[in-house]
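Colleague: After the sequence you'll find the predicted model.
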Amino acid sequence: MKIKPIIIYSLVLLLSCSSSIFKGPYVDPVLEYAYDDWKTECKSRKIKLRHNTCDLDSILYDVLDEGIWGRCFGNKIVINRLAVAPTDTFLIKLIMYHELGHCAFDYGHIDYGVDIMNSVLPVNKIIAYKWFWDLLKEDYFMRYQLPKTRQRLKQGNSYGEVCIQSET
């Protein structure tokens, strides 16, 4: 009778995202460099990717509604190819970090000052994000909580999207 729980536990472990077979989400080739940059930053801070991205199925460069640069759908991220040129490498990286903040780290929006997790990224302020990128990135990762801690603190999902705000 003790064998049955061991077999069930082994199957769950094998099929769970913490197993060695977890390879991560599918990433559109246009976005790979931005995702790789985020992964490298996580590894340098000893953040275990498989515990944070196991629910993430794919990261796509696809079409979203007008006015939206990116969106986290819980199990996938989409960066809007109609709004962001594949050659705008910094903006893609900024949006990638933002959406991974939602999908991987359960971050909500922070709508004061200049922050990676702002819900609206004004086009005329993107240069400030470039200038202060290293500081913004440090602040972004300093907020990281382990998944078990997040579960205890979580009071609801905060999946979201980042919107464009054009100059007027």
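Modeller: All right, it came through fine.
Colleague: can you map out the helices along this protein?
Modeller: All helices of the chain, identified by DSSP state H, fall at 3-15, 32-44, 49-53, 89-103, 126-131, 133-142, 147-153.
Colleague: Surely Pro86 is in contact with Ile92?
Modeller: Yes - at 7.5 Å, Pro86 counts as touching Ile92 under the criterion of C-beta atoms under 8 Å. C-betas here are computed from N, CA, C, even on glycine.
Colleague: quick one, what contacts Gln145?
Modeller: Phe105, Leu153 (C-beta atoms under 8 Å, 6 or more residues apart in numbering).
Colleague: let me fix that: Lys130
Modeller: Lys130 touches Phe90, counting by C-beta under 8 Å, 6+ apart.
Colleague: just to revisit the earlier point, give me whichever of the helices of the chain is most buried.
Modeller: helix 89-103 (a mean of 23; mean count of other C-beta atoms under 10 Å).
Colleague: that older thread, include mean pLDDT when you put the helices of the chain into a markdown table, please.
Modeller: As requested, these are exported to a markdown table (pLDDT from 0 to 100):
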| stretch | mean pLDDT |
| --- | --- |
| helix 3-15 | 55 |
| helix 32-44 | 98 |
| helix 49-53 | 89 |
| helix 89-103 | 97 |
| helix 126-131 | 96 |
| helix 133-142 | 98 |
| helix 147-153 | 82 |
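Colleague: can you redo those helices as CSV with distance to Val114?
Modeller: Formatted as CSV, the helices of the chain follow (distance: least, C-beta to C-beta, whole Å):
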stretch, distance to Val114
helix 3-15, 42
helix 32-44, 18
helix 49-53, 24
helix 89-103, 11
helix 126-131, 5
helix 133-142, 7
helix 147-153, 24
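Colleague: Tell me which of those helices lies nearest to Gly24.
Modeller: helix 49-53 (5.9 Å; C-beta to C-beta).
Colleague: Please list all residues in contact with the residue nearest the centre of the chain.
Modeller: For the chain, the residue nearest the mean C-alpha position is Leu100 (0.5 Å; C-alpha atoms, centre = their mean). Going by C-beta under 8 Å, 6+ apart, Leu100 touches Tyr35, Trp38, Thr53, Cys72, Ile77.
Colleague: rerun at 7 Å
Modeller: Trp38, Ile77 (C-beta atoms under 7 Å, 6 or more residues apart in numbering).
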